[in-house]
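Student: Provide a 3D model corresponding to the input given below.
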Amino acid sequence: MSDIADAPARSPSDSPRIFENNLLDRFSRIDHRVPMVVYGPIVAVLAVWSLLHAGAAVTLGGLLGGYVFWTLVEYFGHRYIFHWEPPGKLGARLHFLIHGVHHIYPSDPLRLVMPLLMSVPIVSLAALVILSACGEAGVAVLAGFIAGYVGYDMAHYHVHHGVIRTGWGRWLKRAHMLHHFRQPERGFGVSAPWWDYVFRTAL
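Tutor: Numbering: from 1, shown residues only. Purely as a prediction, here's the structure:
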């Protein structure tokens, strides 16, 4: 159970086509390093701005709060959106595009992190909510939220294709493989598995 069941895809030719439109299909695939390259500098700028304008205490508290907020979004999004299966052919197609393709082709390395077509709207919506609701701490909270998202994407790629060297990493991988191949109705916290214990969906 520590290994992925099917042979890993290595190039776009090994990755299943999900859109007829060539441009859409191309943007449905993404190198796992893209979230770090795109969002890493944004996190750094937000954190530095917060330190300079709101102080260390507010920044540290905001970063932690934003991270916790992300882990809840990760858990509930995975549980109720990614695994939601609407009725009918359109519903089946929607589910396949959102998350079903990953469960059918779990080793496809080009669809293990969110494409920008998904992550940019999520981050933009989070920015609107957080900056409107959190006042002075909002910038740091947003930085923590985005950092949590990047950490999730990196953890997800790592449990599928990384070289696992730590006990924590082996535990995360085992839990995620059990979610894939034995209990898809459990184990929704990929990078934050403690919420499965809180909400009684632990493997």
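Student: only C-alpha atoms from now on, for both contacts and neighbour counts.
Tutor: OK.
Student: count of neighbours near Gly135?
Tutor: Applying other Cα atoms under 10 Å, we find 10 residues neighbouring Gly135.
Student: what are the buried residues along stretch 114-128?
Tutor: Buried positions in stretch 114-128, judged by neighbour count with 16 or more other Cα atoms under 10 Å: 114-116, 119, 123, 126-127.
Student: so which of those residues comes closest to His180?
Tutor: Among these, Met114 lies closest to His180 (Cα to Cα), at 17.5 Å.
Student: model confidence score at the closest one, please.
Tutor: Looking at Met114, its pLDDT reads 90.
Student: output the longest helix belonging to the chain.
Tutor: Determined from DSSP state H, the single longest helix within the chain is helix 138-161.
Student: just the helices in the protein please.
Tutor: Per DSSP H, the chain carries helices over the ranges 22-27, 34-54, 56-76, 88-95, 101-104, 116-133, 138-161, 167-181, 194-198.
Student: got those as CSV, with distance to Ser15 columns?
Tutor: Below are those laid out as CSV (distance: least, Cα to Cα, whole Å):
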stretch, distance to Ser15
helix 22-27, 10
helix 34-54, 18
helix 56-76, 25
helix 88-95, 18
helix 101-104, 10
helix 116-133, 18
helix 138-161, 15
helix 167-181, 18
helix 194-198, 31
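Student: and those helices, which is most packed in?
Tutor: Among these, the stretch with the highest mean neighbour count (mean count of other Cα atoms under 10 Å) is helix 138-161, at a mean of 24.
Student: okay, the angle between that one and helix 167-181?
Tutor: Put simply, helix 138-161 runs at 70 degrees to helix 167-181, going by axes from the mean of the first three to the mean of the last three Cα atoms, to 10 degrees.
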